[in-house]
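Colleague: Kindly return the folded structure for what I paste below:
(6 chains)
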There are 4 protein chains.
Amino acid sequence: MTSEKRRVPAGAAVLRGDITRAIRRALMHELAAVGYGRLSIEAVARRAGVGKTAIYRRWSSKLDLVLETVVAAAGNKLPALDTGTLRGDLSLLFQVVAHALSHPLASQIIPDLLAEAARNPTIDETLQQVLRAQQQEIGGRLIARAVDRGELPADTDLDAAVDLIAGPLYWRLAIARTPLTDTYLDTLVEAVTAALTADAAVPRQRDGSVPG
Amino acid sequence: MTSEKRRVPAGAAVLRGDITRAIRRALMHELAAVGYGRLSIEAVARRAGVGKTAIYRRWSSKLDLVLETVVAAAGNKLPALDTGTLRGDLSLLFQVVAHALSHPLASQIIPDLLAEAARNPTIDETLQQVLRAQQQEIGGRLIARAVDRGELPADTDLDAAVDLIAGPLYWRLAIARTPLTDTYLDTLVEAVTAALTADAAVPRQRDGSVPG
Amino acid sequence: MTSEKRRVPAGAAVLRGDITRAIRRALMHELAAVGYGRLSIEAVARRAGVGKTAIYRRWSSKLDLVLETVVAAAGNKLPALDTGTLRGDLSLLFQVVAHALSHPLASQIIPDLLAEAARNPTIDETLQQVLRAQQQEIGGRLIARAVDRGELPADTDLDAAVDLIAGPLYWRLAIARTPLTDTYLDTLVEAVTAALTADAAVPRQRDGSVPG
Amino acid sequence: MTSEKRRVPAGAAVLRGDITRAIRRALMHELAAVGYGRLSIEAVARRAGVGKTAIYRRWSSKLDLVLETVVAAAGNKLPALDTGTLRGDLSLLFQVVAHALSHPLASQIIPDLLAEAARNPTIDETLQQVLRAQQQEIGGRLIARAVDRGELPADTDLDAAVDLIAGPLYWRLAIARTPLTDTYLDTLVEAVTAALTADAAVPRQRDGSVPG
DNA sequence: ATGTAAGCGAGACGGTACGTCACGTCTTCAC
DNA sequence: GTGAAGACGTGACGTACCGTCTCGCTTACAT
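Modeller: Purely as a prediction, here's the structure:
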């Protein structure tokens, strides 16, 4: 389904790559413009300047088209980043994420698909794999390096750490959509660093209480 | 449009309150089930067991119906809470918010409308008023009390503080939708308290730079 | 002040006659304008300048309203006519019928109800009583007098005779709706007279054959 | 609109003939069942098992659909009939007409449309063309042959003749809807023959009077 | 070069929803 | 209790798209 070229036994036609690309491009813009709920294959075909059949020949459904394209688009991302300090890693990560989420397509599509994921298990699974898992891995590596350096204790709560890192920035960019300044980013880095360190200083208790 | 009863000059008919309520109830369930994009007036009428006319007699459009109902539903919320300490206030706030966002309807509808707000200015404005403004006010009051008590400095960055408070919890509940434990909440309270305090320790600079 | 007030026992209200008449009048015009199929109580009420309740308090349904009113309107009809000759009787009858069917209301309503009768047994029965039966009786008396006078034989086929009398004129007035001249009426009288006489000359045979 | 196939420049879709026929069939049954006044496109589509679009793609309105279909249905009719005598021609004509009008669809639809024609000029014109004109022509030829044979004089009133031929049978079949026997038909043929002959014997006078 | 299988745009198909209108029923209010 | 006003559910209107499916035309490989 995703392979660009297929081997065929005899005098056969082949799916044209330019059309496939035009459809993907049109899909992203449609998705940003109307969201997954209102997305229609017809509109994608219209925007791409192709027939509806050209789409259905490549993907079996709207869901298939969206997920396959989104996964493909999200694939080429985020090289390793290691600045030597927790604060430096966070600062770099925030800049990269802020840049990525500042793209108009991303800032429209991602919240939309995340909201749709609450209704559609298939979307949920896919996004868990391409977004959450990625974040978990990146955040995990970041924390692990900080632990190795002695900046954080070994029993740091990874889930809470990822929420602390991803939450404020996502909220700011995708929900509040307030303009982002470098100053603000610095403040945020500082605060999250402190939060993680505090989290380390006050590790999870068995009974859920906080030692006074 | 929102008034339940209207004064009329003579022996007149009046919009029935039970029907208005049935429509609102049906709308919330439809909204949770299919989202704003796919929401259809016919489906709402069908679910409510009323005619389409009963809806159009009350609201002029799908947008009107949704916004007016959501505002009405969000109106009855959040009394003042003052526990005497920043940590106590945060803990109570998180519990209240976690309870509210745990409701299946809320956890489906809110992310959906927030995503739609990125496309629709009218939705955006309305949500800014009923959600963000409310959060700003609650967060502002919380911070102000902490400043009064001397727990935080006077120049604490309010925007960043609200993002730090709202972001992680929203991310956890609405995006990751991971089960929430009391222990996790405690950890989060601790971390956010530390972040705010650190934010105080590294206040916003006039030139936007962070003192090295 | 209206003169429609009547003595009632104790503060009791009574259906007002002027409203009843206004409804009947409006009904006839509506019936002519849109036909039975499209007739609506609402339009009748609007034209009569009364509320829908005023109609439903008097008649139980559209069918009831129409039939009761049509029967009432058709009731006051056709005195005895006896000119002394078959041809004279026919001529007078044709003139009376032509005059009646020339009324715009009648020429619109009657074909419409007759067509509707083919679908609606209740209408059919009622029209049979007020129209066909009346025609049968009038035609029957006309034929009987001619038989008494010796102008027609005793075994004249009454059904065929009525068809011969009613058919051409109804066709001309209600279906073809061609202007009617006195000359044409004379010709028709002459022809029908001849037809009846011929019918007499070639009476119905027991075996259904015509003597050659 | 009535053409089954359309020429189109490229790989084009074409209105399917089987669906066109199904719509026409459903229309005739709907028309017989509820009449023109109550006829709804939705009901026709439902009965035909097609979508509304399939109808609107072919005809622009209810009126267009009805007239075009009725004309098409009435088109394939009545070959020349020449038995050699006026009485034979009439007998044959009556049998053919009686057969046609005995069809349940025809006996419901024709009176309904004729009644509607009194209200709707477009229907009127169309029916004049396909029904009345046909009758005029058939009746005219029948009379002309009788004149040629010397059975009728040259100045026979054609209008009156057609009324005499069409009226009684239409009245009997469409209005009275009384069962029809061969005997009755014979009687009618005899009577109408006599009427026409009498009409010949008493031709139209210039002053409209009947010579005494 | 030719044959042919498959890609391609066009568009007809059965549906669904739109927002409006009119209907018969039912309720409320003024008199 | 009569009558007007009007809210109610129902259903049809004609339009706009939707996803599916069937067409001819076109392309590009295999012979």
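
Colleague: Touching, A:G49 and A:A22? I think so.
Modeller: Yes: applying Cβ atoms under 8 Å as the test, A:G49 and A:A22 come out as touching, 6.7 Å apart. Using the backbone N, CA and C atoms, a C-beta is placed for each residue, glycine as well.

Colleague: Look at the two and report which has more neighbours.
Modeller: Per other Cβ atoms under 10 Å in any protein chain shown, whichever of A:G49 and A:A22 has more neighbours is A:A22, with 18 against 11.

Colleague: and the more buried one, what element?
Modeller: A:A22 is located in helix A:17-38, with elements delineated by DSSP states H and E.

Colleague: same thing with A:E151?
Modeller: Here A:E151 is assigned to no helix or strand, by DSSP H and E.

Colleague: can you list the domains in chain A?
Modeller: Residue ranges for the domains of chain A, per automatic domain parsing: A:17-63, A:77-201.

Colleague: can you tell me the residue of chain A closest to chain D?
Modeller: Here the residue of chain A nearest chain D is A:G51; by Cβ to the nearest Cβ that distance is 10.1 Å.

Colleague: residues contacting that residue?
Modeller: If you count contacts by Cβ atoms under 8 Å, 6 or more residues apart in numbering or on different chains, A:G51 has them with A:A45.

Colleague: Next, work out how far apart it and A:A115 are.
Modeller: When Cβ to Cβ, to the nearest Å is the yardstick, A:G51 and A:A115 sit 31 Å from each other.

Colleague: Let me see the backbone angles for A:R57.
Modeller: The phi/psi pair for A:R57 (degrees, to the nearest 10) reads phi -70, psi -20.

Colleague: repeat for A:Q108
Modeller: Geometry field for A:Q108 lists phi and psi as phi -90, psi -40, criterion degrees, to the nearest 10.

Colleague: Can you get me a residue count around it?
Modeller: Neighbour tally, A:Q108, other Cβ under 10 Å: 21.

Colleague: How about it: what's its closest non-neighbour residue?
Modeller: Taking Cβ to Cβ, 6 or more residues apart in numbering or on different chains as the measure, A:Q108 lies nearest to A:A32, with 3.9 Å between them; neighbours along the chain are not counted.

Colleague: Which among the domains of chain A is found nearest to B:D64?
Modeller: When the domains of chain A are compared for distance to B:D64 using Cβ to Cβ, the nearest one is domain A:17-63, at 18.3 Å.

Colleague: Mind jotting down where the helices sit in chain A?
Modeller: Listed in chain order, the helices found in chain A under DSSP state H are A:17-38, A:41-48, A:52-56, A:62-75, A:86-102, A:104-117, A:121-127, A:133-149, A:158-170, A:182-201.

Colleague: where in chain A is pLDDT low?
Modeller: Within chain A, the stretches falling below the threshold (pLDDT under 70) are A:1-13, A:76-80, A:199-212.

Colleague: how far away is the residue nearest to A:R172 when sequence neighbours are not counted from A:R177?
Modeller: In space, A:R172 comes closest to B:D163 once its chain neighbours are excluded; the distance is 5.0 Å by Cβ to Cβ, 6+ apart. Remark: distance between B:D163 and A:R177 (Cβ to Cβ) = 12 Å.

Colleague: higher neighbour count, those two?
Modeller: Taking other Cβ under 10 Å, B:D163 and A:R177 do not tie; B:D163 has more neighbours (28 against 16).

Colleague: how many other residues sit next to A:R132?
Modeller: Burial of A:R132, expressed as a neighbour count using other Cβ under 10 Å, amounts to 18.

Colleague: ok, it touching B:R172?
Modeller: No: with contact defined as Cβ under 8 Å, A:R132 does not reach B:R172; the gap is 11.6 Å.

Colleague: check contacts around the spatially most central residue of chain A.
Modeller: Most central in chain A under Cα atoms, centre = their mean is A:L131, positioned 3.9 Å from the mean C-alpha point. Counting by Cβ under 8 Å, 6+ apart, A:L131 touches A:74, A:110, A:114.

Colleague: Now do the contacts for the closest residue to A:F94 other than its chain neighbours.
Modeller: What sits nearest to A:F94 in space, not counting adjacent residues and going by Cβ to Cβ, 6+ apart, is A:L185, at 5.5 Å. When the contact criterion is Cβ under 8 Å, 6+ apart, the partners of A:L185 are A:91, A:94-95, A:98.

Colleague: Can you say which of these are also within reach of DNA strand F?
Modeller: Taking Cβ under 7 Å from any atom of the strand, there is no overlap between the contacts of A:L185 and the neighbourhood of DNA strand F.

Colleague: Make a markdown table from those and add neighbour count to it.
Modeller: Compiled in a markdown table, those are given as follows (neighbours: other Cβ atoms under 10 Å in any protein chain shown):
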| residue | neighbour count |
| --- | --- |
| A:S91 | 20 |
| A:F94 | 20 |
| A:Q95 | 14 |
| A:A98 | 17 |
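
Colleague: A:I41 touches A:I55, doesn't it?
Modeller: Yes: the pair A:I41 / A:I55 is scored as a contact, 5.5 Å apart, by Cβ under 8 Å.

Colleague: Give me the more crowded residue out of the two.
Modeller: Remark: of A:I41 and A:I55, A:I55 carries more neighbours, 21 against 17, as counted by other Cβ under 10 Å.

Colleague: Am I right that the more buried one is in contact with A:I23?
Modeller: Yes: under the contact definition of Cβ under 8 Å, A:I55 touches A:I23, with a separation of 5.8 Å.

Colleague: Overlap in contacts, those two.
Modeller: Overlap between the neighbourhoods of A:I55 and A:I23 consists of A:44-45, A:65, taking contacts as Cβ under 8 Å, 6+ apart.

Colleague: Closest one to chain C out of those, please.
Modeller: Within the shared contacts of A:I55 and A:I23, proximity to chain C (Cβ to the nearest Cβ) peaks at A:A45, which comes in at 43.6 Å.

Colleague: wait, what's in contact with the residue lying closest to that closest one once chain neighbours are set aside?
Modeller: Counting by Cβ to Cβ, 6+ apart, A:K52 is the residue found nearest to A:A45 once chain neighbours are left out, at 4.8 Å. Listed by Cβ under 8 Å, 6+ apart, the contact partners of A:K52 are A:41-42, A:45.

Colleague: Same check on A:T193?
Modeller: A:T193 makes contact with A:86-87, A:90, B:198 under the criterion Cβ under 8 Å, 6+ apart.

Colleague: Can you turn the buried part of these into a ChimeraX selection?
Modeller: This is the ChimeraX syntax for the buried subset of these, where burial follows 16 or more other Cβ atoms under 10 Å in any protein chain shown:
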select /A:86,87,90 /B:198
